[in-house]
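Enquirer: Attaching a predicted model along with its sequence, questions to come.
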Amino acid sequence: MKTRWGAAMQIAAVYVGTVVGAGFATGKEIVEFFSRFGLLGFFSILMSGYLLIFLGSKLMRMAAQINAKSYQEFNQYLFGKWTGTAVNILMLIMLLGVSSVMLSGAGAVFEEQLGSSKTIGVIITIAMSMVVMLIGTKALFAVNTFVVPMMITFSFMLMTLSLNMPGFTGAFLFSPEVDDRWKVFLSPFSYTALNLALAQAVLVPIASEIKDDWVIKWGGILGGAALTMIMISSHITLIMLPNLQAYEIPMAIIMKSLSAGLYWIFVLIIYGEIFTSVIGNVFGLERQIRNYVKARTLYIVSTIFIVAYFISLIDYGTLLSVLYPIFGYASLLFLFLLWKKPLLNKK
């Protein structure tokens with residue numbers, strides 16, 4: 001039983017590491033989908049947490065049951081052959097868009113936190129990514145076993161500090177007037193749809209390898225619960241930041257004001273999470289493009305980075321606030337079919 005719990009914890013860690021990307025690590029994603037709505041955003045987070053637990057677990061269990069080796073196979077199972085192919089092409093566009101957002105986020109770290117040029121930050125990130133992808137990625141992905149727990153630790157530390165700040169209760173209960181408040185009711189669904197649609201590139205093949213339904217089920221539950229707790233802690237921290245939408249890296253701004261001594265470590269962790277996410281997304285893109293284009297990995301990856309570079313020149317906050325909701329709404333059908341499709345054998 002201990003071995004099965006250990007395996008479930010490993011799946012949970014992969015689930016968390018896959019979902020926690022540039023927008024999540026910087027806090028910008030949580031602001032855009034939830035925190036800018038105040039108290040309503042908190043209730044929206046709870047709903048999103050439930051969906052991440054229930055549907056994240058179901059996605060992996062279903063993938064294992066049908067023995068899907070890739071998310072392309074999984075989408076064809078959900079949507080049918082022809083529609084599934086169209087969805088896979090949409091996924092390619094989404095992965096490219098998200099990769100661009102993450103590169104822009106890396107540039108924003110250099111610009112807002114280091115006082116350097118955003119372009120220099122993006123170019124350095126691309127160069128490092130190219131080197132790692134040509135040499136090998138095992139060591140890089142191993143970094144997630146350090147980065148993710150550290151980020152969770154820092155998130156809970158900031159939450160504890162925020163809870164003790166004067167005026168916390170008033171800030172928590174406040175629901176600001178925003179022109180698009182209606183979006184708060186769609187946020188838990190679009191946010192979950194976006195993250196699960198993208199995460200399936202990693203979660204589907206892993207679940208297919210594990211096979212053990214109990215391990216997969218509890219891995220999804222534990223991973224979804226951990227993500228929910230991180231979202232809640234991030235929200236509680238972010239609502240204490242005045243004019244929270246004005247910052248590209250709001251979590252770093254809060255760390256600087258509440259615990260300046262740990263500020264640079266936190267910035268490094270944020271950048272590390274962005275960097276590993278860039279690699280993961282570009283690898284997913286490269287594998288999918290190989291289904292349509294026969295070319296060397298170097299040429300495909302170089303082309304991806306060139307396109308992503310030009311898209312990333314757009315302001316990080318603008319890019320995220322526009323692309324992520326659009327991708328989230330585009331993924332709502334995926335979420336609905338995942339919810340509706342029954343498991344082959346419930347245990």
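Expert: Nice, thanks for sending it over.
Enquirer: could you measure Leu258 against Thr160, distance?
Expert: 10 Å (C-beta to C-beta, to the nearest Å). Where you see a C-beta, it was placed from the backbone N, CA and C, and this is true even at glycine.
Enquirer: quick one: which of the two has more around it?
Expert: Using other C-beta atoms under 10 Å as the criterion, Leu258 and Thr160 rank with Leu258 on top: 18 against 13.
Enquirer: Secondary structure element holding the closest residue to Met231 other than its chain neighbours?
Expert: Excluding its sequence neighbours, the residue lying closest to Met231 (C-beta to C-beta, 6 or more residues apart in numbering) is Ile45, at 4.9 Å. In this structure, Ile45 is located in helix 39-65 according to DSSP states H and E.
Enquirer: List the buried residues of that helix.
Expert: Buried residues in helix 39-65, counted by 16 or more other C-beta atoms under 10 Å: 40-42, 44-45, 48-49, 51-65.
Enquirer: So for it, mean pLDDT?
Expert: Helix 39-65 shows a mean pLDDT of 94.
Enquirer: Mind giving me the packing neighbours of that helix?
Expert: Applying 3 or more C-beta pairs under 8 Å, 6 or more residues apart in numbering; DSSP states H and E, one finds that helix 39-65 makes contact with helix 2-19, helix 28-33, helix 71-79, helix 168-173, helix 183-210, helix 213-238, helix 332-340.
Enquirer: tell me the most buried of those?
Expert: Highest mean neighbour count among the helices and strands packed on helix 39-65 (mean count of other C-beta atoms under 10 Å): helix 28-33, with a mean of 26.
Enquirer: Quick one: mean pLDDT over it.
Expert: 86.
Enquirer: How about stretch 325-336?
Expert: So the average pLDDT for stretch 325-336 ends up being 87.
Enquirer: Restrict that stretch to CA atoms and write it as CSV.
Expert: This file holds the C-alpha atoms of stretch 325-336, laid out as CSV (Å, rounded to 0.1, in the frame of the first residue of the first chain):
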residue,chain,number,x,y,z
PRO,A,325,-9.3,33.4,-21.8
ILE,A,326,-9.7,32.7,-25.5
PHE,A,327,-8.0,29.4,-25.2
GLY,A,328,-10.0,28.6,-22.1
TYR,A,329,-13.3,29.3,-23.9
ALA,A,330,-12.1,27.3,-26.9
SER,A,331,-11.4,24.3,-24.6
LEU,A,332,-14.9,24.3,-23.0
LEU,A,333,-16.2,21.7,-25.3
PHE,A,334,-13.3,19.5,-24.3
LEU,A,335,-14.2,19.9,-20.7
PHE,A,336,-17.9,19.2,-21.4
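Enquirer: what residue ranges in the protein score low on pLDDT?
Expert: For the chain, the stretches with pLDDT under 70 are 1-2, 21-23, 136-145, 345-347.
Enquirer: measure the most far-flung residue of it relative to its centre to Met240 for me?
Expert: Distance from the C-alpha centroid of the chain, by C-alpha atoms, centre = their mean, peaks at Pro166 (31.4 Å). Distance, Pro166 to Met240, by C-beta to C-beta: 10 Å.
Enquirer: how about the helices and strands packed on helix 39-65, which one is nearest Ser277?
Expert: Ranking the helices and strands packed on helix 39-65 by their distance to Ser277 (criterion: C-beta to C-beta) puts helix 2-19 first, at 8.7 Å.
Enquirer: wait, which of the helices and strands packed on helix 39-65 is closest to Thr125?
Expert: When these are ranked by proximity to Thr125 (C-beta to C-beta), helix 28-33 comes first, at 16.8 Å.
Enquirer: would you put the C-alpha positions of that closest one in CSV?
Expert: Extracted in CSV, the C-alpha atoms of helix 28-33 (Å, rounded to 0.1, in the frame of the first residue of the first chain):
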residue,chain,number,x,y,z
LYS,A,28,-0.8,36.9,-13.3
GLU,A,29,-3.0,34.0,-14.3
ILE,A,30,-4.7,33.9,-10.9
VAL,A,31,-5.3,37.7,-11.1
GLU,A,32,-6.8,37.5,-14.6
PHE,A,33,-9.2,34.6,-13.9
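Enquirer: by contact count, what packs against the host helix or strand of Tyr309?
Expert: For Tyr309, the enclosing helix or strand under DSSP H and E is helix 297-312. Applying 3+ C-beta pairs under 8 Å, 6+ apart, we find helix 297-312 packed against helix 81-108, helix 118-135, helix 263-289.
Enquirer: Save the ones you listed as JSON lines, and put in mean neighbour count and distance to Phe336 too.
Expert: Shown next, in JSON lines, are these (neighbours: other C-beta atoms under 10 Å; distance: least, C-beta to C-beta, whole Å):
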{"stretch": "helix 81-108", "mean neighbour count": "22", "distance to Phe336": "13"}
{"stretch": "helix 118-135", "mean neighbour count": "17", "distance to Phe336": "34"}
{"stretch": "helix 263-289", "mean neighbour count": "21", "distance to Phe336": "23"}
